[in-house]
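Q: What would the 3D arrangement of this be:
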Amino acid sequence: MPVNVGRMTFHLASGESARIFEESVQSAGAFVLGKRSFEAAGENPIFQKPSFVLSGEAREEVFKEGTKITFVTDGIESALDQAREAAGEKDVYLFGGANTVQQYLGAGLLDEIRLALVSVLLGEGIRLFESLGSESLELEKIGVINAPGVTHLSYRVVKENDRD
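A: A predicted model of the protein is given here:
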């Protein structure tokens, strides 16, 4: 089932998956995007919400279709801080590939992880949790939703200060 968000179409396996995706987008106040995820959209806003793109090159802010896109060159923490300020009381969502997720996980900056587990095994690519090395990551299950062709998993990342 295709779901159009901005100028990108996400091909989701079912109406249930589309609903979950749309609810996530609506609950967000801002997004942090990896450079490749941003480029996949063809430089058009994906979510119509403030978006902060991790980039190695300085670029001017862009306003497209009422959406402010800021290119952040001074690190993942800065991108997150700017997104939090823009989001106000709403959540900040990280939308990126494995490299982006690994950076935020490694820095301890993720509060929650949402995964869509599709029943296809890929023989190549970047493993999502490859960079953890020997460190463990404790997760607390928030929810599991089985939908046709995909299982949606939500976990809270348990931080050191939560273990007391």
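Q: Now do the phi/psi pair for Ile20.
A: Main-chain dihedrals, Ile20, degrees, to the nearest 10: phi -60, psi -40.
Q: What about it, how many residues nearby?
A: By other Cβ atoms under 10 Å, the residues close to Ile20 number 20. (Glycine included, C-beta is placed from N, CA and C.)
Q: Would you double-check that Glu140 falls in a strand?
A: Yes - remark: Glu140 belongs to a strand, assigned using DSSP: H, G, I helix; E, B strand; the rest coil.
Q: Was I right to think it contacts Leu153?
A: No - counting by Cβ atoms under 8 Å, Glu140 stays clear of Leu153, with 11.8 Å between them.
Q: Those two: which is more packed in?
A: Leu153 (16 against 11).
Q: Okay, and the beta partners of the more buried one?
A: On the basis of DSSP bridges, Leu153 takes part in beta bridges with Leu115, Val144.
Q: That one is in contact with Arg114, isn't it?
A: Yes - the pair formed by Leu153 and Arg114 meets the contact definition of Cβ under 8 Å, at 7.1 Å.
Q: which neighbours do the two share?
A: By Cβ atoms under 8 Å, 6 or more residues apart in numbering, Leu153 and Arg114 have no common neighbours.
Q: pLDDT weak spots in the protein?
A: 1-13, 41-46, 121-126, 132-134, 163-164 (pLDDT under 70).
Q: For stretch 54-63, buried residues please.
A: Neighbour counts over stretch 54-63 (16 or more other Cβ atoms under 10 Å) mark Leu54, Ser55 as buried.
Q: From the rest of the structure, what touches it?
A: 32-35, 43, 68-73, 76, 79, 96, 100.
Q: Could I have the CA atoms of it written out in CSV?
A: The C-alpha trace of stretch 54-63 is given here as CSV (Å, rounded to 0.1, in the frame of the first residue of the first chain):
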residue,chain,number,x,y,z
LEU,A,54,23.3,15.7,8.9
SER,A,55,25.8,17.0,6.3
GLY,A,56,29.5,17.3,5.8
GLU,A,57,29.1,20.4,3.7
ALA,A,58,27.8,23.8,4.8
ARG,A,59,24.7,24.8,3.0
GLU,A,60,22.2,27.6,3.5
GLU,A,61,18.8,26.8,5.1
VAL,A,62,16.1,26.0,2.6
PHE,A,63,12.4,26.7,2.8
